[in-house]
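Student: predicted coordinates and the sequence they were generated for:
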Amino acid sequence: MRKVYNKISQIVGNVITVKAPGVAYEELAEITTRRNKSLAQVIKMEGDMVSLQVFAGSRGVSINDEVRFLGHPMQVTFSDDMLGRIFDGAGNPRDKGPLLTENLIPVAGPSVNPSKRIIPRKMIRTNIPMIDVFNSLVVSQKLPIFSVSGEPYNELLARIALQAEVDMIILGGIGLKYDEYMNFKNVLEKGGALTRSIFFMNTASDPIVESLMVPDLSLAVAEKFALKGKEVLVLLTDMTNFADAMKEIAITMEQVPSNRGYPGDLYSQLAARYEKAVDFEGAGSITILAVTTMPGDDVTHPVPDNTGYITEGQFYLHNGYIDPFGSLSRLKQQVNSAEKSRKDHRAIMDGMIQLYAQYMETEEKRSMGFRMSNWDQKLLKYGGLFRNQMMDLSVNIPLEEALDRGWQILAECFTSEETRLRTELIQEFWPTNGK
Amino acid sequence: MNQNFGKIVGINGNMISVAFDGNIMQNEVAFILHGDERLKSEVVRIGDGVSFLQVFESTKGIKVGASVEFSGELLSVQLGPGLLGQVFDGLQNPLPELAEEYGFFLPRGVSLKALDDSHKWVFTPKVKKGDTVVSGTALGHVPEGIFEHAIMVPFHFQGEYTVEEIVSAGDYVLTDTLVKLKDERGNIHEISMTFNWPVKIPIEAYRDKIVPTEPLITQARIIDTFFPVAKGGTFCIPGPFGAGKTVLQHIISRYAEVDIVIVAACGERAGEVVEVLREFPELIDPRTGKSLMERTIIICNTSSMPVAAREASVYTAVTLGEYYRQMGLDVLLLADSTSRWAQAMRELSGRLEEIPGEEAFPAYLESRIAEFYERSGLVELNDGRISSLTIGGTVSPAGGNFEEPVTQSTLKVVGAFLGLSRDRANARRFPAIHPLESWSKYSSFIPKDITDEARDVLRRGSDVNQMMMVVGEEGTSIEDFALYLKSELLDSVYLQQNAFDKVDAATNDKRQKYIFENVHKVLKTEFPFDSKDDARSFFNRLRQAFIDWNYIDMDSAQFKEQQESIEKLIEEQSGNEKSL
């Protein structure tokens, strides 16, 4: 039996309060206004007074609008029919396709028992050398892309979606600009990847409360597919918008803010989402790649800061390049050893980065007007080649080819001793047609 | 039993308000009855007819009007043999058993017994009829892995008791009555192998607390030589993300020379616990020849597990630590991370609508942190044995800024500060403990005046380095340049340690003394150099020689050979002086 009430006693921000005995915490309700219907979720109960956050926002809600409680918390449909479909932040189709109502599953389910987790062991190849060679993405990893507005992070995400070696992609868009959403759609469509993708898309013009549901919907569906044996890659962009939406609700609810207005549970809330990344032994897996834009390019801002403590490394996207120094995949050691990858993988990874670091120092010296030695000249040449042939995001080659190219670049710039690489590797891999 | 029930009148996240009319107690445990589920919660505030409870699980689907059963007990853990090698959640539910029963996910509202009641333990009595005992007296023992697990008089027993009856040696299960004790009034108390203890109350069944002096060898050179930790002392490891806090804790938990290590993974990544979970059973403890897991207990309440249980997890961990300390053992508790625990307090405080302190942390943050660290200590037990509980906590300061409240409150109460630096981590200088900013109030096995000399070289070397950034190498005198190279040598061959190398990962005190003496000799030697390139190339060679030395087993013949070649290098260079 569903309960219907039509006396809203308070509207503050996007939160309404209604007298409704007998409802459950986090239960959903449907509010019918003159113009539309919207879902709302119970976020606080005091006696019979129930506060709900209205997904479509409270604009246009009048105090005698009908509030109908649905008797269940947030759910989402789950079936193979979802592939290739696009949904909004409330879980409704936004692609004019049929409504899917069967097989509803709850969102934001319990967390995985840590003793059932396994040590990560498999690389996800993306054909982007800065990832595959230098900071490999690993199955079950959670990794943010730290960036600033204006950087091509969504293009990078789209390319990874297109090329990553996974069974399916779930894209969660949070406050995404409409043209960026269309760009994702077009890229995946053109690349033929749309049929293995599911979108949960909340654009900047959609209600902000709905954006709060996007990660949960995406991850709940991902979890079900993973349990059925699928390797799922979840892409979320932009998690800073998610945190900002949380901030807005928290302040409306008069919660004591902790740091720059964000609620005190920001860490726990982000962790509850990121920790959904998992490799189920004997079934599939979830890997999460999420964009976190840093307001003012400040990594100590609460959102990137809390994210960094949760995730297993980070990619920095700066000036259109994945920064080889700040970026780190904490799990790469599990997959780039001689047994799991090519035996020169680690040597190339460390060696090329060390030389690139020396190049950066030389570059600094040059800009200060110091005289360039012979060695400096070599480094300058190396830096340019490394940038153009490895770091450039348009480079699109498999891992092995990238390693070969690494040797080629080294041979073009240095003698083999100058690279400080191990002799046995040089004997095997040093290009003989070099110089 | 007199059951006491209340009714939910409000829900806000994991905080519920409950109307009651019976007698309830601050911090008592209560259960929300929701269908078949019993959600554990704890009373955190009592008002007039309404109390506030923090719920240790998700409150999704709970309704106003639901019944709450008050237990009359404080939040407690079960003590007894069988704790070692276990993996518990913050409320002492064994996680592997939960996984066996419920699969991949952690179900809500279930709890399992912490210890197995069907396991037979071989009990050997130690006291006899007529003996007088007090709380904490060992009545007998059972073998638990590599230890003799003492079966003690429960710690809440006050006054003296007489042993009325004790069973003979043999196999018993946890709950069998082993001993009957008579108190001064003539009442009989039955003692089994197990009893409960409230986690927020320190166990103090010892004669005296004494000042920690003996160093606890962690086998990390920079810690043991420069910023030592004492047995029974406290230390903290603050650092920004990516500076290697957790790796450092793992290293310490692996190599520290103590009897028992308790790892409290509090609100951090589940993946990191998995490494401990999967690797420790395979690793052999060189001191005992047994698996490392046999001396380890893991309390695991990772970031996505319920927040209130995270708050409980550090107390659970410290209580287990105190319990083993009562048996005369040296225990090390590593809490990773205390900031997550403080954040859990902050969330709770916010929901109680308390007036916030700095960065919205509650005003009692500092006293809670102090209380926690004060549970460490070197103690003299009632039978005169000395045992210790050492506590080390990581701190994850927001934005890597040590000025924030959790770091500052922690610094006030700990005996050693091992501050991690992002710059050192970025430069891949691990462990990334900052050699100039860190400090310790404990003393090392190397005399302080010698380590002070070495630190002075580091400080002056760092000054020279700063200056060189401005004036360039050209503007630096060759003496200053040599000083800078010496400080770099000390840093790279002694302060830094390769955690992935079998030998270099752990350096015991004997070897530390030996190596340090040699490094110190270099620092004290004046080398004449013709040019800066000359100096650089000499120190490069010397560095390589020392690093190679670090990778050689101390007992092997090569060790001496390598030492000789180092000495030769030094002599050749300094000998130049005489010939000039």
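Tutor: Noted; the coordinates are in hand.
Student: drop to CA atoms for contacts and neighbour counts, all remaining ones
Tutor: OK.
Student: for stretch B:11-23, which outside residues touch it?
Tutor: Residues outside stretch B:11-23 that contact it (C-alpha atoms under 8 Å, 6 or more residues apart in numbering or on different chains): A:25, A:43-46, B:4-10, B:49-59, B:64, B:68, B:308, B:348, B:351-352.
Student: which of those fall within helices?
Tutor: Members of the contacts of stretch B:11-23 lying in helices (criterion: DSSP state H): B:308, B:348, B:351.
Student: of those, closest to residue B:505?
Tutor: Distance to residue B:505, by C-alpha to C-alpha, is smallest for residue B:308 among these, at 36.4 Å.
Student: quick one: the residue nearest to that closest one when sequence neighbours are not counted from residue B:341, how far?
Tutor: Sequence neighbours aside, residue B:56 is the residue nearest to residue B:308 in space, at 5.0 Å (criterion: C-alpha to C-alpha, 6 or more residues apart in numbering or on different chains). Residue B:56 sits 14 Å away from residue B:341, going by C-alpha to C-alpha, to the nearest Å.
Student: so among the contacts of stretch B:11-23, which ones count as buried?
Tutor: Neighbour-count burial (16 or more other C-alpha atoms under 10 Å in any protein chain shown) applied to the contacts of stretch B:11-23 gives A:25, A:43-46, B:4-10, B:50-59, B:64, B:68, B:308, B:348, B:351-352.
Student: neighbours around the residue in the stretch 351-500 of chain B positioned nearest to chain A, how many?
Tutor: At 4.1 Å from chain A, residue B:399 is the closest residue in the stretch 351-500 of chain B, using C-alpha to the nearest C-alpha. By the criterion of other C-alpha atoms under 10 Å in any protein chain shown, residue B:399 has 20 neighbours.
Student: for it, which residues are in contact?
Tutor: Counted by C-alpha under 8 Å, 6+ apart, residue B:399 has contacts A:299, A:300, A:301, A:302, A:305, B:240.
Student: up against chain A, what does the stretch 101-250 of chain B have?
Tutor: Residues of the stretch 101-250 of chain B lying near chain A by C-alpha under 8 Å from any C-alpha of the partner chain: B:103, B:104, B:105, B:106, B:107, B:108, B:241, B:242.
Student: buried ones from the residues you listed, can you make that a PyMOL selection?
Tutor: Selecting only the buried entries of these in PyMOL, with 16+ other C-alpha under 10 Å as the criterion:
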select buried, chain B and resi 104+106+107+108+241+242
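Student: in the stretch 451-580 of chain B, which spans are helices?
Tutor: Taking DSSP state H, counting those that start in this stretch as the test, the helices found in the stretch 451-580 of chain B are B:478-490, B:509-524, B:532-550, B:557-579.
Student: from the chain's centroid, how far away is the first one?
Tutor: Meaning helix B:478-490. Put simply, helix B:478-490 sits 36 Å off its chain's centre (C-alpha atoms, centre = their mean, to the nearest Å).
Student: same check, this time on the longest one
Tutor: With C-alpha atoms, centre = their mean as the basis, the distance from the averaged C-alpha position of helix B:557-579 to the chain average is 42 Å.
Student: what is that helix packed up against?
Tutor: helix B:532-550 (3 or more C-alpha pairs under 8 Å, 6 or more residues apart in numbering or on different chains; DSSP states H and E).
Student: and if you look at the second one?
Tutor: In this structure, helix B:509-524 packs against helix B:448-471, helix B:478-490, with contacts taken as 3+ C-alpha pairs under 8 Å, 6+ apart.
Student: tell me which residues of the longest one come out buried.
Tutor: Taking 16+ other C-alpha under 10 Å as the basis for neighbour counts, the residues of helix B:448-471 that come out buried are B:451, B:454, B:455, B:457, B:458, B:459, B:461, B:462, B:464, B:465, B:468.
Student: elements contacting it?
Tutor: Packed against helix B:448-471, as judged by 3+ C-alpha pairs under 8 Å, 6+ apart, are the following elements: helix B:478-490, helix B:509-524.
Student: relative to the helix or strand bottoming out on mean pLDDT in chain A, what are the paired strands and their orientations?
Tutor: Here the helix or strand of chain A ranked lowest by mean pLDDT, DSSP states H and E is strand A:257-259, holding a mean of 85. Next to strand A:257-259 in the sheet, as set by DSSP bridges, lie strand A:262-263 (antiparallel).
Student: from the contact counts, what lies against whichever helix or strand comes after the strand it pairs with?
Tutor: Later in the chain than strand A:262-263, the nearest helix or strand by DSSP states H and E is helix A:266-274. Applying 3+ C-alpha pairs under 8 Å, 6+ apart, one finds that helix A:266-274 makes contact with helix A:214-227, helix A:302-310.
Student: the inter-axis angle of helix A:266-274 versus helix A:302-310?
Tutor: Helix A:266-274 runs at 60 degrees relative to helix A:302-310, counting by axes from the mean of the first three to the mean of the last three C-alpha atoms, to 10 degrees.
Student: residue ranges of the helices in chain A, please?
Tutor: Shown for chain A, the helices assigned by DSSP H span residues A:129-132, A:153-163, A:178-190, A:208-211, A:214-227, A:239-252, A:266-274, A:302-310, A:345-367, A:374-386, A:399-413, A:423-429.
Student: got the buried residues for the third one?
Tutor: Along helix A:178-190, these residues count as buried under the neighbour rule (16+ other C-alpha under 10 Å): A:181, A:184, A:185, A:187, A:188.
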